[in-house]
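> Here's a sequence, model it:
(chains A and B)
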Amino acid sequence: MQLATWNVNSLNVRLPQVLAWLSAHPVDVLALQELKLTDDKFPVQAFTDAGYHAQWFGQKTYNGVALLSKAPAEDVIRNIPGLDDGQARVLCATIDGVRVIGAYFPNGQEPGSDKFAYKMRWLDALREWVRAEMAVHTQLVLMGDYNITFDDADVWDPVGLRETIHCTTEERTHLQGLIGLGLHDAHRLFEHPPKTFSWWDYRMLGFQKNRGLRIDHILVSDALKARTTACEIDRAPRKNPQPSDHAPVVLTLA
DNA sequence: ATGCCTCAGCTCCTGAGA
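Below is the predicted model of the structure:
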């Protein structure tokens, strides 16, 4: 079984690339972030034709998430229960016996800003909800665009970007809070070359110079860790014409 | 200090992303 996550930065623009990628990589589950479209504009027929069930949760202009799956999605939840949130950021469903949470974590913009405070509130709520989900579902995966680096190994310029957004101690403490629930960073279960990233700035030839961050993550529960055989970032779509700024991350389970 | 790119939208500039 394979599961993947990809921030597509507008599904309107990236739909042909998503379909081409799925054709070449027929994963069982694909979580999408940053759809940037309203629910009535979701291209459900294109995914049906490609052999995928779809759950989607969009909004105008910003955010928006989807779960594509070969098997039907059951017990679907949209956003974090109990959190009053006008932004479409979370889709959760049970697929092939795995509790799958696809999430687009808030950016946070800048430490000290209102958006940073929202990010911290959102992370608090997420952790408590994931704790409750894990109490019910032993096989659980939390994947998406976290907008947080684990540590300096996830940052192309740790000195220049010290304590800036995605790299602050406060954000990283929240990320470790998720690890503290009993989740594992699937990527770090395996050896990878130094400076392996999942996002590169569109500006300043960021991808060409590998000036990136690893901010797209797949966290797995103990039961799924035992089944995990690989976790890879697929840089190839970042080389496409008109690419997303993020690359897909793929988890392989036995 | 700012823009560098990219995308959406009450679109020819602005806000937001990361």
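> Only C-alpha atoms from now on, for both contacts and neighbour counts.
Noted.
> Hmm, residue A:156 is touching residue A:206, no?
No - distance between residue A:156 and residue A:206: 10.0 Å, which falls outside the contact criterion (CA atoms under 8 Å).
> These two: which is more packed in?
Shown here are residue A:156 and residue A:206; by other CA atoms under 10 Å, residue A:156 has more neighbours (21 against 15).
> who touches that one in this structure?
If a contact means CA atoms under 8 Å, 6 or more residues apart in numbering, then residue A:156 has A:195, A:210-213 as its contacts.
> The residues you listed in strands, which ones?
Within the contacts of residue A:156, residues falling in strands by DSSP state E are A:212-213.
> Helices of the stretch 101-250 of chain A, start to end?
For the stretch 101-250 of chain A, helices defined by DSSP state H, counting those that start in this stretch occupy the ranges A:114-136, A:169-179, A:222-225.
> Residue A:140 - nearest residue in space that isn't next to it in sequence?
Spatial nearest neighbour of residue A:140, chain neighbours left out: residue A:99 (4.6 Å); criterion: CA to CA, 6 or more residues apart in numbering.
> Look at residue A:119 and say how many residues are nearby.
Residue A:119 has 20 neighbours, counted by other CA under 10 Å.
> What distance do you get for it to DNA strand B?
Distance, residue A:119 to DNA strand B, using CA to the nearest atom of the strand, to the nearest Å: 10 Å.
> residues contacting that residue?
A:105-108.
> So what pairs up with residue A:103 in the strands?
Beta-bridge partners for residue A:103, by DSSP bridges, are residue A:90, residue A:144.
> Looks like it contacts residue A:130 (just checking).
No - using CA under 8 Å, residue A:103 makes no contact with residue A:130, being 11.6 Å away.
> quick one on the thing from earlier: now the helices of the stretch 101-250 of chain A as CSV including mean pLDDT?
Putting the helices of the stretch 101-250 of chain A into CSV (pLDDT from 0 to 100) gives the following:
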stretch, mean pLDDT
helix A:114-136, 98
helix A:169-179, 98
helix A:222-225, 98
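> which of the contacts of residue A:119 lies closest to DNA strand B?
Distances from DNA strand B to these, taken as CA to the nearest atom of the strand, are shortest for residue A:107 (4.1 Å).
> So for the closest one, what's the nearest residue that isn't a sequence neighbour?
residue A:147 is the one closest to residue A:107 (CA to CA, 6+ apart), at 5.7 Å.
> My guess is the one you found contacts residue A:168. True?
No - the criterion here is CA under 8 Å, and residue A:147 misses it with residue A:168 at 11.0 Å.
> hang on, the earlier thing: overlap in contacts, residue A:156 and residue A:206.
Common neighbours of residue A:156 and residue A:206 (CA under 8 Å, 6+ apart) are residue A:212.
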